[in-house]
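Whatever this is, show me its structure:
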Amino acid sequence: SARYENRIRNSRKWWQDTKYYFSDAGKKLTGPGDPAWNGIAVPYNHSYGSYTNRLQTAGSSAKFEWRPLGTDIYASLLGFNYRQWESSTMNKNDFYTKNSVRDLSEEGGGSDVNSIYSRYRYDTWNKATVGAIGNVEWHDDRSSLRVRGGYTRARYDNTQPYVGVRTYPVGMSLDWAAGTAGNGGLPYVTGINKPGLVLSSPYTLSTAQTTYRMASEGLATARVDYGWNAEPDDRGFGFVTGIEFRNLQLSRNLDMTEYKLGRAMNAYLYDPGYVPVGAPQSFPWVDWNKVRTELWPKLVKDVPNSTYDSITADYRYTERLVTPYLSLHYATDNTTIVTGVRYDHTRFSAFQPTITGSVASAAMTRSNGGYSYFLPSFTGIQDFDGGNKLRFAYSRTLGRPTPGNIAQPQTVNCGAEEGGAADCSISRGNPDLRPRRSDNLDVQLEHYFHREGIISLGAFAKWIKDDIFTLTTTQIIDDTNYQVRQPLNADSSRLYGIEFQAADHDVNLFGQRIDPFFNATWLKGRMAITSDAGSRTLDRLIYQPKWILNGGATLRLPAIDGAFRTTVTHRGAYMEGIGETAQDDNGRAELTTVNLGLWHRVTSHVTFKYEITNLLNDQPKFLVGDGLRYVSEVDDYGRGAFFHIMLR
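Numbering: from 1, shown residues only. Next up is the predicted model:
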């Protein structure tokens, strides 16, 4: 099989990731926890971005199968190749304000402008993945033996030129109004006292760099499983045992060329005549073609900073895993019981550059670590008359830190941040990070009807030790917002939830055949953490909304040998980053997405498909502050319309 896709994704973003807090007398405070705070959050920055992305994906796979006649042996070999290319252009503009405010009220206020920035960034992401999976298995009436192995190799690279200019306009101020439901709740600029200064002020070079990122990963796996009397149709006692070996090797290399700054830049700017969403007027944009051909060859390399930032972002990581397991099975016509234990033995090595103060050496320092845990599990299934089924399960599971969470020394990333983020980020690893361990309890009652209809109601609970979260702090360095991130282990976490599901197939409604489905999940979490700022208890886990709802239906259209499908997805707000204090928390607002699809067969091998995505035009919004009370960013991806030609 093979697949190719080529599409364009344009977006507009508008954000204010940092807030100021003042007293009634106009004194700037450290945060909303100060008793003198007047209750109004004042935007420090008004930032606008325009993005153009071209995405291409291509992939293919082939599978060879072999089954010798007269034997119970089966063998297969699957090979696959997947490529992804993406080019992205960003033009970003910012107003940064001073530590003062005037005429402040619930409806808005006024701020003096400290600086204006214009930034340009271009990325060429390229990812290639190739691999093969082999399988040999043998079965007889009671036993089965299966041997599997595979290897996957992935490579990623990106070249990113990044240019920033800034000016300090004299005597400029702006007025802003509180956000409304119509603009996503984000405060917006209503007027500027000297609008001509936005384009005519003297701009100087504030950032000039080219970053080349390259990462590669190799994953080798081998697994042997033997089972006796443990197939779904077997009855009585049985068992399954096996062992898995895994070896991961990952490396990342970053080369950064930074240039001396401060030169005049107005000759390399132009007015695009484009007013960003939420902005009062157009801004100057960087003329990248002119910069690349005329200015770039003249720039002087900043050798110390280039060398330091290149070295400190590199790392290598290797991980070796051995997991033997044993499970005991017992089955009757109505009862199935499976209990077992898995032993997880993991060892890893992290290779990091040597950093002493402000001096970095490319000589790698090796840190070794690992962990070993027994992971028991129990599952019980009871069938009742009338198509009813009861499931009960207990398990202890392991969540591993990502290699970057452990091995990454320090990475500075500017201009490529996702929603709700600052201009730049500083990401650090944590070699002392422990894997999360979770004790899980699940109970579910299911009722089956018709041929494929189901209604189920379930509840679950998770008690998590050493849950992993990302601690986020914000620093303002030379008018640039830096979001500093580091993964840490929580003191304790727990999660409870209730799930409901209903689905049916081939329902006759007014003479039409419909496949409806609906599911809903309610979640309640708690997390206790400790950082340098003290201890905190949160009423949720990261990435955990309160509600997740999904529903839809497929209407069959035999007249055109096709179908029409509608899907609706809703998720509640959730926290994405936890700050040392609640005012630094960030997350995402609730989001509802409605998609439509129609497809029909043209020939026996060709199908046309038409899609409309995000019909209601609900756009992502990002939140900050205690209780995620403030909107920090509104993204606008618009609606989407796609046409697919599928060959089978």
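
all contacts plus neighbour counts: C-alpha atoms, from now on.
Noted.

Against G31, how distant is A25?
Here A25 is placed at a distance of 15 Å from G31 (C-alpha to C-alpha, to the nearest Å).

Between those two, which is the more surrounded one?
Neighbour totals were compared for A25 and G31, and G31 leads with 18 against 9 (other C-alpha atoms under 10 Å).

I'd guessed the more buried one sits against S23; true?
No: counting by C-alpha atoms under 8 Å, S23 is not a contact partner of G31; they are 10.4 Å apart.

Identify the contacts common to these two.
Listed as contacting both G31 and S23 by C-alpha atoms under 8 Å, 6 or more residues apart in numbering are W37.

mind checking pLDDT for the closest residue to G562 other than its chain neighbours?
Leaving aside its chain neighbours, G562 sits nearest to H600 (3.9 Å; criterion: C-alpha to C-alpha, 6 or more residues apart in numbering). For H600, the pLDDT comes out at 95.

Going C-terminal from the helix or strand harbouring H600, what's the next secondary structure element?
Using DSSP states H and E, the element containing H600 is strand 591-601. Once the chain leaves strand 591-601, the next helix or strand it forms, by DSSP H and E, is strand 606-613.

For N289, grab the count of nearby residues.
Number of residues near N289 (other C-alpha under 10 Å) recorded here: 10.

Report the contact partners of L328.
F237, G238, F239, V240, V338, T339, G340.

among those, which ones are buried?
With burial judged by 16 or more other C-alpha atoms under 10 Å, the buried subset of the contacts of L328 is G238, F239, V240, V338, T339, G340.

thinking again about what came up before, would you format the contacts of L328 as a markdown table with distance to S251 included?
Shown next, in a markdown table, are the contacts of L328 (distance: C-alpha to C-alpha, whole Å):
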| residue | distance to S251 |
| --- | --- |
| F237 | 47 |
| G238 | 43 |
| F239 | 40 |
| V240 | 36 |
| V338 | 40 |
| T339 | 39 |
| G340 | 36 |
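
my read: Y117 touches P169, true?
No: with contacts counted by C-alpha under 8 Å, Y117 stays clear of P169, the gap being 10.8 Å.

Between those two, which is the more surrounded one?
Y117 (25 against 19).

G552 versus the more buried one, what's the distance?
45 Å.

what sits up against stretch 383-392?
With contacts defined as C-alpha under 8 Å, 6+ apart, stretch 383-392 is touched by 334-335, 379-382, 441-449.

how about that stretch: buried residues?
Residues of stretch 383-392 classed as buried under the neighbour-count rule (16+ other C-alpha under 10 Å) are D383, N388, K389, L390, R391, F392.

mind checking the end-to-end distance for that stretch?
Across stretch 383-392, the straight-line distance between its terminal residues is 12 Å, by C-alpha to C-alpha.

Could I get the average pLDDT for it?
The average pLDDT within stretch 383-392 is 94.

swap in stretch 52-61?
Mean per-residue pLDDT for stretch 52-61: 93.

Stretch 123-141 now?
For stretch 123-141, the mean pLDDT works out to 95.

Can you point out the buried residues in it?
For stretch 123-141, by 16+ other C-alpha under 10 Å, it's 123-137, 139.

Quickly note the distance from P272 to L199.
11 Å.

Need the overlap of contacts for these two.
Joint contacts of P272 and L199 (C-alpha under 8 Å, 6+ apart) are F283, P284.

all helices of this structure, in order?
Using DSSP state H, the helices found in the chain span residues 197-200, 288-290, 303-312, 403-407.

From the contact counts, what lies against the third one?
Counting contacts by 3 or more C-alpha pairs under 8 Å, 6 or more residues apart in numbering; DSSP states H and E, helix 303-312 is packed against strand 236-258, strand 335-356, strand 359-384, strand 411-414.

How about the first one?
Secondary structure elements in contact with helix 197-200, counted by 3+ C-alpha pairs under 8 Å, 6+ apart, are absent; no helix or strand qualifies.

Run through who's touching it.
I116, P169, M172, D271, F283, P284.

just to revisit the earlier point, what does the strand holding H600 contact?
Strand 591-601 is contacted from outside by 560-573, 607-620, using C-alpha under 8 Å, 6+ apart.

ok, now stretch 461-470?
Residues outside stretch 461-470 that contact it (C-alpha under 8 Å, 6+ apart): 401, 434-442, 485-497, 542, 577-578.

Using a markdown table, lay out the buried ones among the contacts of L328 together with distance to W288 and pLDDT.
Output for the buried ones among the contacts of L328, formatted as a markdown table (distance: C-alpha to C-alpha, whole Å; pLDDT from 0 to 100):
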| residue | distance to W288 | pLDDT |
| --- | --- | --- |
| G238 | 68 | 96 |
| F239 | 65 | 96 |
| V240 | 62 | 97 |
| V338 | 63 | 97 |
| T339 | 63 | 97 |
| G340 | 61 | 97 |
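
tell me which of these is nearest to G453?
Closest to G453 out of these is V338 (26.1 Å), distances taken as C-alpha to C-alpha.

OK, contacts around the nearest residue to the closest one once chain neighbours are set aside?
Distance criterion C-alpha to C-alpha, 6+ apart; nearest residue to V338, sequence neighbours excluded, is H329 at 4.6 Å. H329 makes contact with A230, G236, F237, G238, F239, V240, T336, I337, V338, T339, according to C-alpha under 8 Å, 6+ apart.

Could you dump those residues into a markdown table with distance to S111 added?
Below are the contacts of H329 laid out as a markdown table (distance: C-alpha to C-alpha, whole Å):
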| residue | distance to S111 |
| --- | --- |
| A230 | 72 |
| G236 | 77 |
| F237 | 76 |
| G238 | 74 |
| F239 | 72 |
| V240 | 69 |
| T336 | 69 |
| I337 | 68 |
| V338 | 66 |
| T339 | 65 |
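
follow-up on the earlier one: the residue nearest to G562: neighbouring residues, count only.
Based on other C-alpha under 10 Å, the number of other residues close to H600 is 18.

Roughly how far does it sit from V163?
Here H600 is placed at a distance of 48 Å from V163 (C-alpha to C-alpha).

Also A36?
Taken as C-alpha to C-alpha, the span from A36 to V163 is 41 Å.

Then R451?
R451 is 61 Å from V163, where distance means C-alpha to C-alpha.

what number of residues lie near F245?
Neighbour number of F245 under other C-alpha under 10 Å is 16.

Tell me which of the helices of the chain is the most buried.
helix 403-407 (a mean of 23; mean count of other C-alpha atoms under 10 Å).
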